[in-house]
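Participant: Got a sequence here, can you build the structure:
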Amino acid sequence: MFGRSSLVDLLLTLGFVAARDGGAREVSVSLGADGSCRFCVGLWPWKLSGGTSVAQLETWLTPRAFGLSSGLWQSPFTDLGMLCALCSPLDVVAWTEEDTWCRRYREGVVEQVLSDDTAPRTSKSGLCITFTPDASLFEPPPCFDVPRLRERIEALSAFHAGVTWTLRDEATGTEARFHREEGLADLCRDLAPSPLGSWNPLRFEGQVGKTQLQLALVWTEGPGRGLVSWVNLFSRNDAGPHRVGFRQGMREAVSARLARRGAGAGAQHFEATALFEHLTAVLHIQVEKTDWYLLTRERTASAEVEATVTRLVAQSVEQALTEDPKLEEFVLKVAGLHPR
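Facilitator: Numbers count the residues shown, from 1 in each chain. As a prediction, the model looks like this:
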């Protein structure tokens, strides 16, 4: 089940790239009762320019004899060649206003050129991939981990606002649909276990070098969810440098505001437990130099990530508290801080 669902996850990542880079506004996944999966994205996932055409998919889908397929490099984050090699069959229909391209693959090799495609077309360009994990590689029963995929789509729908994501499961007849106009702020609102009252989640975006940060957070009177984080689209809720940087950035922001209000040096070095107990925050960072789990072999790389997150969080939160005195009073109250 985990392996089958991981194949779907490859295409979910492609859907995010299509939304962010290609302007797609609809991504759908249908899980068949027979163990198949159909993935469709409205609008072509990559910007077509120069001599690029939909037929270039042939290069990305065909596994190379040596090393990884070129798909890992030419389509960001997604190795279509690996997906193609592990599925039998795999049908691809890609279209633009000028061109339509249809192929059926089996074990990574083109089996036939399809003359009649049944892909649903709701846009002028798009991509539809239908695959069945190879029965000789994946143990029965032919099912997917639907809760895991739903959770994955729920997160991806928040990283780029305004995109509709749909997950259908034919085996149970259920359908989940996500559309977040405010991106991470909507996800933060959903995850907060306590009523938000008059406070809406704060939203921040920033970049230092090639490290990008998206953050939404809210404080509530009751206990919060804490920090939920992702790195390069993958869930990371351990004590990595991004998490350490977030906590340090929050402390620096509140300490700076305490100093502005005349608190002594001792009060600025406060115990932050209560500050985080009432907080719900969602954090997504994208870093260029990292492996899948942000466990870089170079200590300096991890230090750079931690310092960058600290800087961006401290600047953004301090500015938000400065601009909203009532919010600042509320945060200091729930944190148990009483400046002069």
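
Participant: Please name every helix or strand in contact with the helix or strand hosting residue 253.
Facilitator: Following DSSP states H and E, one finds residue 253 within helix 241-260. The helices and strands touching helix 241-260, judged by 3 or more C-beta pairs under 8 Å, 6 or more residues apart in numbering; DSSP states H and E, are strand 226-231, helix 265-268, helix 273-277, strand 279-286, helix 299-323, helix 325-334. From N, CA and C alone the C-beta is placed, and that goes for glycine too.

Participant: Would you mind listing the buried residues in it?
Facilitator: Buried residues in helix 241-260, counting neighbours by 16 or more other C-beta atoms under 10 Å, are found at 241-243, 245-258.

Participant: looking at the helices and strands packed on helix 241-260, which is buried most?
Facilitator: Most buried of those, by mean neighbour count (mean count of other C-beta atoms under 10 Å): strand 279-286, with a mean of 24.

Participant: Give me the sheet partners of that one and which way each runs.
Facilitator: Strand 279-286 pairs in its sheet with strand 211-219 (antiparallel), strand 226-231 (parallel), by DSSP bridges.

Participant: roughly how far is that strand from the heart of the chain?
Facilitator: The gap between where strand 279-286 is centred and where its chain is centred comes out at 11 Å by C-alpha atoms, centre = their mean, to the nearest Å.

Participant: The strands paired with strand 279-286 into a markdown table, with extra columns for mean pLDDT and distance to residue 317?
Facilitator: Conversion of the strands paired with strand 279-286 to a markdown table gives the following (pLDDT from 0 to 100; distance: least, C-beta to C-beta, whole Å):
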| stretch | mean pLDDT | distance to residue 317 |
| --- | --- | --- |
| strand 211-219 | 92 | 8 |
| strand 226-231 | 92 | 13 |
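
Participant: could you dump those to TSV with distance to residue 103?
Facilitator: Formatted as TSV, those follow (distance: least, C-beta to C-beta, whole Å):
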stretch	distance to residue 103
strand 211-219	35
strand 226-231	33
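
Participant: Identify whichever of the ones you listed lies nearest to residue 333.
Facilitator: strand 211-219 (9.3 Å; C-beta to C-beta).

Participant: circling back to that earlier point, looking at the strands paired with strand 279-286, spot the one closest to residue 6.
Facilitator: The nearest among the strands paired with strand 279-286, by C-beta to C-beta, is strand 226-231 at 16.9 Å.

Participant: Show me the contact partners of the closest one.
Facilitator: 155, 159, 191, 235-237, 240, 242-243, 246-247, 276, 279-287, 290, 293-294 (C-beta atoms under 8 Å, 6 or more residues apart in numbering).
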